[in-house]
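K.L.:
Sequence and predicted structure below; questions after.
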Amino acid sequence: MDFLTAHGASLLFYLFAALTVGGAIGVVTLRSPMYGAISLLVTFLSVAVLFLLRSAEFVGMVQIFVYGGGIMVLFLFVIMLVNLHKLPDLKLFHGQSPFVVALAVALLALFSYFFVHVNFPAAFARPEVFTTVPGVAASSNSQAVALSLFQQQLLPFEIASVFLLVAMIGAVVLGRRQ
Amino acid sequence: MPNLQEYLLLAPEILLATAGLLLLVFGAVGRGMGNRDSALVTVVSLVLTGGVLLRVHAVLNTPRLLILGGSFVLDGFSFFMKLLVLVATALTVLLSVRFLEEGNYRASEYYALLLLAASGMLFMASGYTLLTIWISLETMALASYVLAGYFKRERRSNEAALKYFILGAMSSGVLLYGISLLYGAAGTVQLSELSEALRGAQGNPLVPLGWLLLLAGLLFKVAAVPFHVWTPDVYVGAPTPVTAWLAVASKAASFAILLRIFYEGLGSLHVEWQTIIAIISVITMVWGNVAALTQDNVKRMLAYSSIAHAGYILIGVLAMSQVGLWSVLFYLLAYTFITLGVFGTVILLERREYAGETCADYAGLARRSPFLAAMMLLFMVALTGIPPTGGFVGKFYLFAAAVQAGWSWVAVIGVLTSAISLYYYFRIVLYMYLRDSDQTTPTPLQAPALVGAIAFCALATLALGIYPGPFIELAKQSLLPMLP
Amino acid sequence: MNGLKELLWVIPVLPFLGALLNGFLLRGRIGKKAVAAIACGSVGVAALLGLLIIASYLGSPEHAAHQPFEQEVYSWVSSGPLLTAADGVKNFTVDMGFQIDPLTCVMLFVVTFVGFWIHVYSVGYMAHEDGFQRFFTYLNLFMGMMLLLILGNNYLVMFVGWEGVGLCSYLLIGFYYKEEFPPYAGRKAFITNRVGDFGFVLGLFALVAQFGTLKYSEIFPRVAANPSLLLGPGHFGLTLAGFIGLCLFIGAMGKSAQIPLYVWLPDAMAGPTPVSALIHAATMVTAGVYMVVRSNVIYQLAPNIGMFVAVIGGLTAIFAATIGLAQTDIKKVLAYSTVSQLGYMFLAAGLGAYTAAIFHLMTHAFFKALLFLGSGSVIHAMGGEQDMRKMGGLKKHLPATYRTFVIGSMAIAGVPGLAGFFSKDEILHAAAAGGHWTLYIIGLITAALTAFYMFRVVNLTFHGEFRGTHEQEHHLHESPPSMTVPLWVLAVGAVISGFVGLPVEKWNVFHHFLQPVVYAVAGRTTEGHEASVLFNVILIAVAVAIAILGIGLAIRLYGGTRGLAADEAWERRMPAVRLLFANKYYVDELYDKTVIGGTWGLARLLYRFDAGIVDGLVNGARNLTVTVAMISGYFDKYVVDGLVNLTARILDAFSKLFRRLQTGYVSNYALVLAAGMFALVVVYMVLHRG
Amino acid sequence: MFEVTTTHYLVVSFLLFAIGIFGIASRKNMITVLMSIELVLNSVNLNLVAFSYQHSDLTGQIFSIFTITVAAGEAAVGLGILIAFFRLRETTTLDTASELKG
Amino acid sequence: MHNVPILSIICYLPLVGALLIAFGMKSSQGALIRKVATGFVFVDFLLSLPLWFLFDRNGELFQFRESAPWIQSLGVRYEFGIDGIALLLVLLTTLLGVLAFLSSWTAVHDREKEYYIFLLLLQTGMLGVFMALDFFLFYVFWEVMLVPMYFLIGIWGGPRRLYAAIKFFLYTLVGSVLMLLGILALYFYNSSGLFGWKGLGNPASFSIPQFHQIGASIPPDLQFWIFLAFFVGFAIKVPMFPFHTWLPDAHVEAPTAGSVILAGVLLKMGTYGFVRFSLPILPHATLKALPWVAGLSLIGIIYGALVAMAQKDMKKLVAYSSVSHLGFVMLGMFALNGPGLNGSVLQMINHGLSTGALFLLVGVIYERRHTRAIADYGGISQVMPLYATVFLIITMSSIGLPTLNGFIGEFTILVGAFNRVWWWGVIAALGIVLGAAYMLWMYQRVFFGPLTNPDNRGLKDLNRREILYLAPLIILCFWIGLYPKPFLAVLEKPVNYVVAKVDPTYATAVAAAPIVPAATATPAAAAAGE
């Protein structure tokens, strides 16, 4: 029990990390895009949990809402729209997939070579940074984020609006029937 | 709380974005706006933006101003780049008018997207944190995906959009991954802080991995080998004006952030990335030029040529000196006019359904329409880098930078490959002047906007070649603080 | 009178003017009379002026001081600083300059005098040819060039004339350009000469490299005073003098048709006969001798080369003479005889008997020109026929020609009292006195052979029955005075010109006159071994005997009406005496079997050798060159150019490959991107992480 | 050893990244490819958040929010393209789009 | 006089003509265009004549100088000026220009407008090359010239014109771009220095006199690289032995006027480049490269002659003879002494005259018979006596017969070569023999012998116009042959200057001509700075 209390966070991490990766694998391996979407959802949600574990509550929520809500629904719509009944009878993977696997493994090796050479000090995080806002009592992560977002990172925020505008137009232009 | 004066300095970007929005709105309400009107509005707004831009930089009393919490910078470099983008976009609009008419697609969204993308480019030129830069890059990219697929009833246009999108998204994922690693190493995304932090973080393996992936993403945008695979297909598939715009504006903007990040943010690592870029540049020049040799499709040939030119520009980048910087800027300028001119001519010759794309369609052009032939000749000469054209001075400047910085061997490859390029550029000339065609109907020069644009480009090309002084001076206004 | 010599430069200009008028300004605008007037006039005036100038020079202080009179017309080539061995960096300049000294006097007199009369002769000879004006243009051009050659005061001007006469002989040999052979012969002559000139210019380069000048008066006196200048090491293991002498002599070989470069001269007979007389007998071919004598200082410093010259000369002399025996073409005989006589001159020059060489040159000019013109007159009468077997008995038809021809033959044969006798004798004397007995013997044999074949010609041509066709016989006629007068003039020359060089030392005007030209080189004894009178007398006697022997033999074999007709006549009159003569004739048969037969055989052999092998070698050389040329042509096309095209092909192949890599499948592209990313990292690690 | 460090996050994110790349490069179905792109972006988010925790710096989190935004936008446009594609070709198989090549 | 920019006027007059024709006239009015174009070059020629008289033989090295800032930020200036060498070449260019134009009157009927435009542009380009005193400017003209030449070959050329044109263009471009790098290296060494070499810190400039001044101080290793770059550029243009294969194609395919200009002027640019840049600016490298360059030249001499002998096409024969002759020019130049250099420059002129004339003559007969195969002729001198005479004179001039121009050049060259390394002279002299062989062989095959080919019976002799444009060449041939002094006098100063610069032996002996102070570059040209 104290083991759990001691290492609960770690256990959670391992669990959801596994789910994340599992979901991802599902996405790329499952034949039916529908199932793929489902496992993608799994990945999204477990990633959200991983966020929470790094004291990023707000981001976690956004992840759940935007991904789990918006994007996933979008995907499902499209899948419905182009209902792919004749999918099963064509090959799943591209002929070159063995190379891709090989390459992915190679990348894995290469990157891990880099990663093992980094020694991150055991997390020394000062969680208060993520939660406290100067001058505001009982502040929360959301407030902190908001503050930072609307002060330091205001410009990107504005640009993001332009970006979304473009995305909207684009979706409309391309999706609209003549 | 950032004060409002600072936002006044963003006037050009804001103006442009607003214009795009308005265009969208007016295009949507009622019967919407016609092609010409929207084009007019677009050009006007671009010109206005240019004016505002000039004004803004006139009121600046310092060569370099960092605002909005160090996320936005105003300096000669961004100024030059913004002007370049505006000019390029304006010319692109002129190129588009007739094309859209033939394609009869709704014009207003098209121009709106152009404007929004342009504003994104302006932000790229001035962005000073990786976040800002990246988000504006994405804005530009997204718009260009859509524009590439704008002729959605054309299978080729759609295919182009598809390829561009998937590969673009993937590459931006890579780029983003690189950024995240850099962030991980430095703990900041603000360039000046980043370079400070990196100076401390020598030997941190995340750093090289970070900038390598970042570089991979950027090389994709500038279409350097081996990240060029999308270019030929997209250039051929996309509507020709969009192709021109991609080849010029988006390439220029991407080079802007490449320079910004690697000179200012990663200057301390130049010894490492110079060699990498040198290799890439050599491969790119060779590959682009050689691959272009056997292309019969003019647009595809031009695609490869633009790949090759990316290689040339990289020569200037890897010099890692002010001269290099200026040479890149000047070259981008010259290249803009030349390329737009070429594509303009192509558009003028293009019949519906992508006729007029193969070299054979240029046979005997010198007889059918001497004007167009002369223009094309001029642009080909310029692309080859023969005086008295901007292309020559540009190449000259680039190679000068390389030689001075001790990259002569890269320069040697550069000059040799540019000699090779003569072959395919002059194959078109050969068709135009030395071959006779069955059809002798003179090509009609309707579409005054288009012809005007071409003529303008031609004049600019010559001016840059015969009296480049002022333009070089303009380029010299931009100084990036970099290590020796 | 004394100032006249200032007009030296006018002499060569006059013929050039003639050529200019006939060749360009009045081309095709004037009649033959006018053309002839211009041509002969210009040369005639030049000749007169020449005489006057010679006179004025002889009266001038320069001559008294044994100095040449020099005249710089203008500065010709001034070609900047040059590092010379003798005196450091100096500006190499050449002037268009002329000089006159005893040697020049002789040459000038010979060339203008003989030249003028040959011009006159040509008027008659060419009267019915077309290209009359062209002919005289070339002839005048030739005169001008020849005069440049002999009047120049430096080697370069000499070289100008040297090449110029070559050109003219090229043009004149190829005068009948509509036929196949003459142009070929002309080109052969020119190119063979070029081969010689190749040596010549090398000699000049060496001189320049040494002295930075080509002016006689700046080289010879210096060297004569200080021989060490030229005794330094040259090339090919020779001394400098040796190298230069050899190179110059190679030039002489070409110009004066010495072994092995003589092959062009017989072919050169394809030209009109006056040309043969003027260029290939009297003047041009002797230029080599002139040049060797002019450079006597150098040869004095290189005795080994001198000996080489002498040997070549001797060999050429006897070789050509023997060939001459076998000829049936009258001009061929004369041609070989010319070669042989030139050999004689070189024999003399090589032995250091420079004045003797020039002496023979002069006399030879007279009688050989005379002989050629005579043969020309014969050919003219025979309507172009040159084969002696078709002639015979022309004596009565062409009396004047006959007489002059005989005089010429006697002169060349060395009949005492005629020109050839004195000059030839002096050469033999030099050989003997120098103790070069082999050469002396060679000289003697040559002399005998010469006498023999010349009189064989005389007999075959003028004596006996006419063996030609009837219509030939019908229009046999003596030539017009314009042709016979020159014959007589030259005949006179052939008779008297010898007396200027009597074999007795102190009466030898010619020798003393030319002596100043032969420099006394410090530390060397020039020719002039004191020989006893008796010695001289013996030599002369031998020479005379030889001459008589040759002539006699010839008359014996070809004389009278050669053949059965004579014998039968004899038998009818006095059969008794016939046996006696018959017995006598056994000797003749013996001769016939041994000497003559042997000589004939040898002659035929050598002729075949000449026609076949030597000539063949030359042609072979040409063919070889052409083949090499072909080969290099292919080399250029397929190798040098091939490399370029290969590059192009390689690029093309790669281009196609790249195109195939652009498959059009997004997935492939994605893979490429990923791979590229991977590669980037790997490259980085290789470069910077070891 | 149970202690979860940034490295763990890096590993997870990298696995995600690799899988995403694999999906893009080897799946034929365009929808799946789009999903794989989302995977890549998610992996980046993991990095950002992890590093922001590492550095106790909010920027990472902010950045990841933008990433999510961009992901949404790209998904929208991508699906738009897909629909147009489907209209033209009646399929979502990528390989059918290979007219442009060479 | 010096306040009139006479050089610029001469240089740009043809350009003006080209523009006038381009915008002022219709393709239909060919006759008019012909006359106007010819008029322009003729006036240009007349304008260039005064240079000969106004040129001060004892004045400073470069005269008629014009100088104005052009691209200040790079230190590029607009600098014109000529020394004796350039003077002769400029005159040669203007003269040959007139002749080439005259020769085109009947030769070209197709697309006359473009033809004359390109020809005029070419004229401007060539003149600019010889006049430029700023290396950048020089390079601009150098490359500008290529385009019109490409068209002249490509449009109005023979059957394989496309191949020949692109080959010509590619070859020369490869050469010149490499040369460009050499120029840059010089530029930076003079000013801010380039990687690995500390610069001299002079104000950035491309001024050629300036480079002449710093020449000696350039470190040998750098000199070597620059020399290499220049060498490729110039050697291809000359062309020297391994780089010559573009020449025959270009010559054979080009129209007469093209060949004339190509042989007469374009080839001289390579040699001019050597004598103007490689020698005086890179003395060390030159001395080091001596044996190699001389070797190539010798190979070129013999090789060109042999290959020429094997040709069946007159034009090709003449083309290869050019390879041989330019071998002489290069050899003389790299003899690095007075006679060699004088001869080599003089030989440039001679080659321009005689080979130009040869191409004109071949063109004359080609117009009449439309074949250049030697085999198709024979006995021509019976029907065209005057033509035969002229051809003979030119032939003789080309094989270096005394009293004609070729002799002076070749002789002095050989003297120089022999003086440098004796066997150079020997081998080169062999080239002369071969030269006589192939030229006379061709002459005999074409002009002598029976008139076999019936097609040749009707051939007309030279007409007035042809005589008109051949006469000056012949006169010049004789003039240079008989009285070269005036030309040598013009050359004396520059030649001594170069000799003194490159070979220390002569530096002391020759009072080096006063170097004209380099044009002061503007401070703005700290350009290449940082």
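P.N.:
That came in fine, so what should we check first? All values derive from a computational prediction rather than experimental measurement.

K.L.:
what's the closest non-adjacent residue to residue B:435?
P.N.:
Nearest non-adjacent residue to residue B:435, counting by Cβ to Cβ, 6 or more residues apart in numbering or on different chains: residue B:363, 4.3 Å away. Every residue, glycine included, has its C-beta placed from N, CA and C.

K.L.:
Can you name the residues that contact that neighbour?
P.N.:
The neighbours of residue B:363, taking Cβ atoms under 8 Å, 6 or more residues apart in numbering or on different chains as the test, are B:431-432, B:435-437.

K.L.:
Please, where are all the helices along the chain?
P.N.:
I'll assume chain A. Applying DSSP state H to chain A gives helices spanning A:2-29, A:33-53, A:57-62, A:72-81, A:97-116, A:128-131, A:141-151, A:154-175.

K.L.:
oops, I was thinking of chain D
P.N.:
Residue ranges of the helices in chain D, as given by DSSP H, are D:6-26, D:30-55, D:59-89.

K.L.:
Please report which of the contacts of residue B:363 has the highest neighbour count.
P.N.:
Greatest neighbour count in the contacts of residue B:363, by other Cβ atoms under 10 Å in any protein chain shown, goes to residue B:432: 26 neighbours.

K.L.:
so can I have a markdown table of the contacts of residue B:363 showing secondary structure, pLDDT and distance to residue E:127?
P.N.:
Formatted as a markdown table, the contacts of residue B:363 follow (DSSP: H, G, I helix; E, B strand; the rest coil; pLDDT from 0 to 100; distance: Cβ to Cβ, whole Å):
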| residue | secondary structure | pLDDT | distance to residue E:127 |
| --- | --- | --- | --- |
| B:431 | helix | 87 | 31 |
| B:432 | helix | 88 | 28 |
| B:435 | coil | 80 | 32 |
| B:436 | coil | 76 | 33 |
| B:437 | coil | 71 | 36 |
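
K.L.:
Tell me the one of the residues you listed nearest chain D?
P.N.:
Distance to chain D across the contacts of residue B:363 (Cβ to the nearest Cβ) is lowest for residue B:431, with 19.4 Å.

K.L.:
if I look at the closest one, how far off is residue B:380?
P.N.:
Going from residue B:431 to residue B:380 by Cβ to Cβ, to the nearest Å gives 11 Å.

K.L.:
and if you look at residue B:216?
P.N.:
Taking Cβ to Cβ, one finds residue B:216 at 32 Å from residue B:380.

K.L.:
same deal with residue C:678?
P.N.:
Residue C:678 is 37 Å from residue B:380, by Cβ to Cβ.

K.L.:
For these two, indicate the residue with more neighbours.
P.N.:
Just comparing residue C:678 and residue B:380: by other Cβ under 10 Å the higher neighbour count belongs to residue B:380, 26 against 17.

K.L.:
Which of the helices or strands spans the closest residue in space to the more buried one that isn't next to it in sequence?
P.N.:
Distance criterion Cβ to Cβ, 6+ apart; nearest residue to residue B:380, sequence neighbours excluded, is residue B:425 at 4.3 Å. Here residue B:425 sits within helix B:408-429, counting by DSSP states H and E.

K.L.:
Any buried residues in that helix, and which?
P.N.:
Neighbour counts over helix B:408-429 (16 or more other Cβ atoms under 10 Å in any protein chain shown) mark B:408, B:410-429 as buried.

K.L.:
Remind me what that helix packs against, helices and strands.
P.N.:
Packing partners of helix B:408-429 (3 or more Cβ pairs under 8 Å, 6 or more residues apart in numbering or on different chains; DSSP states H and E): helix B:270-293, helix B:298-318, helix B:370-384, helix B:390-405, helix E:161-190.

K.L.:
Please identify which of those is closest to residue C:68.
P.N.:
Ranking these by proximity to residue C:68 (Cβ to Cβ) places helix E:161-190 first, at 54.2 Å.

K.L.:
Can you list the strands that the following helix or strand past that closest one pairs with?
P.N.:
The C-terminal neighbour of helix E:161-190 among helices and strands, as given by DSSP H and E, is strand E:193-194. Using DSSP bridges, strand E:193-194 pairs in its sheet with strand E:197-198 (antiparallel).
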